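> missing the sequence, but the structure's below:
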């Protein structure tokens, strides 16, 4: 079985000569196939903002250290919950309790404890205020924000459809250049659809817990949402009519 192919850029045209034909001279009829790739990249606003808040405690006895940690953790949760529907999710990430030993000894000199929480915010207008109010809590560290899209974001579906449209448009252009027409879809393959891992906003404040603020004073800070890049790629194979440019009739 012989196979003829012509390649141009991101497309290829192939003909399977195994199909018989009644054409004069017994020449086999070519069944040409056009393979193309459709690709799109879009920039869209984020839908979620996440940040982490960690509270710590240190003391000479374990019960007292854990009690202070629980008290500070309760204060943080209460503050977060006070923002109501602006907060989509509050999740505990890690709890750490460890003893601090004296040098060259197994005697415990102190206990360290910490608990981390990841907060997902949907109302960006309160994000800066919330983060700074949390940073004003005792022994509290803030990191973030990280911007993201929802896994089922409409922006992802729109990008996939745009990639398919691009594949169809490209196939028609190549077929026209060959003096042929697209006659049908043979195969459509999804070769990936992804948004970059959420990245921390450049210039966003880190380690707010180290900031010195007067009691009850919360400075204002504006956090600009980071644009998210959505990328979609599909590959498609189309049946086309016999190219006239290849048989000399054009």
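Perfect, thanks for sending it. Every value quoted in this text rests on a predicted model; they were computed, and no experiment measured them.
> can you map out the helices along this protein?
Under the criterion DSSP state H, the chain carries helices at the ranges 62-81, 127-135, 154-177, 244-247.
> mind giving me TSV with these and columns for mean pLDDT?
Rendered in TSV, the data for the helices of the chain read as follows (pLDDT from 0 to 100):
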stretch	mean pLDDT
helix 62-81	94
helix 127-135	93
helix 154-177	94
helix 244-247	72
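> out of these, which is closest to residue 47?
Closest of the helices of the chain to residue 47 is helix 154-177, at 8.2 Å (criterion: CB to CB). Using the backbone N, CA and C atoms, a C-beta is placed for each residue, glycine as well.
> in that closest one, what's buried?
Across helix 154-177, burial judged by 16 or more other CB atoms under 10 Å covers 155-156, 159-160, 162-164, 166-168, 170-172, 174-175.
> quick one on the thing from earlier: can you add distance to residue 232 and give the helices of the chain back as a markdown table?
Shown next, in a markdown table, are the helices of the chain (distance: least, CB to CB, whole Å):
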| stretch | distance to residue 232 |
| --- | --- |
| helix 62-81 | 35 |
| helix 127-135 | 29 |
| helix 154-177 | 4 |
| helix 244-247 | 31 |
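> tell me which of these sits nearest to residue 238.
Closest approach to residue 238 among these is made by helix 154-177 (4.7 Å; CB to CB).
> find the nearest non-adjacent residue to residue 41, please.
Distances taken as CB to CB, 6 or more residues apart in numbering place residue 231 nearest to residue 41, at 5.1 Å, with adjacent residues excluded.
> quickly list what that neighbour is bridged to.
residue 41, residue 194 (DSSP bridges).
> quick one: it and residue 40 touch, right?
Yes: with contact defined as CB atoms under 8 Å, residue 231 and residue 40 form a contacting pair (7.4 Å).
> which residues are in contact with each of those two?
Residues touching both residue 231 and residue 40 (CB atoms under 8 Å, 6 or more residues apart in numbering): residue 159.
> more neighbours, the two?
Using other CB atoms under 10 Å, the more surrounded residue of residue 231 and residue 40 is residue 40, with 20 against 16.
> quick one: the strands in the chain, in order.
Counting by DSSP state E, the chain has strands at residues 3-8, 11-16, 31-44, 48-59, 87-101, 108-121, 140-148, 182-194, 228-240.
> in JSON lines: the ones you listed, plus mean pLDDT and distance to residue 77.
JSON lines is the format used below for these (pLDDT from 0 to 100; distance: least, CB to CB, whole Å):
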{"stretch": "strand 3-8", "mean pLDDT": "41", "distance to residue 77": "61"}
{"stretch": "strand 11-16", "mean pLDDT": "51", "distance to residue 77": "57"}
{"stretch": "strand 31-44", "mean pLDDT": "91", "distance to residue 77": "32"}
{"stretch": "strand 48-59", "mean pLDDT": "95", "distance to residue 77": "10"}
{"stretch": "strand 87-101", "mean pLDDT": "90", "distance to residue 77": "7"}
{"stretch": "strand 108-121", "mean pLDDT": "92", "distance to residue 77": "7"}
{"stretch": "strand 140-148", "mean pLDDT": "94", "distance to residue 77": "12"}
{"stretch": "strand 182-194", "mean pLDDT": "78", "distance to residue 77": "33"}
{"stretch": "strand 228-240", "mean pLDDT": "93", "distance to residue 77": "29"}
